[in-house]
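# 3D model of this:
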Amino acid sequence: MSIVELRKLPAEEKLRIIEALWGDVAADDEAFQSPAWHEAELRKTEVDLAAGRIEILDWEDAKKELRKRVE
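Next up is the predicted model:
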């Protein structure tokens, strides 16, 4: 599938493709190394969560919210 074809897809289908690709990449821990800034962001998130500045969403609810933003 070309980039031109991808651009023609509806947002929901694009998200399904992203999820499938990410699942494939994430399945092999050795194939993907997170950059150092990821750890820094995770630490910041932990601090914000402990301080009550962010809310935890169920993963399914979070995906629904993200899909609404791109539709």
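# what's the neighbour count on K63?
The number of residues packed near K63 is 13, by other Cβ atoms under 10 Å. Placement of C-beta: from N, CA and C, glycine included.
# What lies in contact with the helix or strand hosting it?
Here K63 sits within helix 59-70, counting by DSSP states H and E. With contact meaning Cβ atoms under 8 Å, 6 or more residues apart in numbering, helix 59-70 is reached by 11-12, 14-15, 57.
# Would you mind checking those for buried ones?
L15 (16 or more other Cβ atoms under 10 Å).
# Let me know the closest of the contacts of helix 59-70 to E46.
L57 (16.1 Å; Cβ to Cβ).
# which one is that closest one nearest to, not counting chain neighbours?
E65 (6.9 Å; Cβ to Cβ, 6 or more residues apart in numbering).
# Tell me how far W22 lies from E71.
Separation of W22 from E71 (Cβ to Cβ, to the nearest Å): 20 Å.
# Kindly report the same for E46.
31 Å.
# Check S34 too.
For S34, the distance to E71 - Cβ to Cβ - is 29 Å.
# How about K14?
In terms of Cβ to Cβ, K14 sits 11 Å off from E71.
# go on, I18?
Counting by Cβ to Cβ - I18 and E71 are separated by 15 Å.
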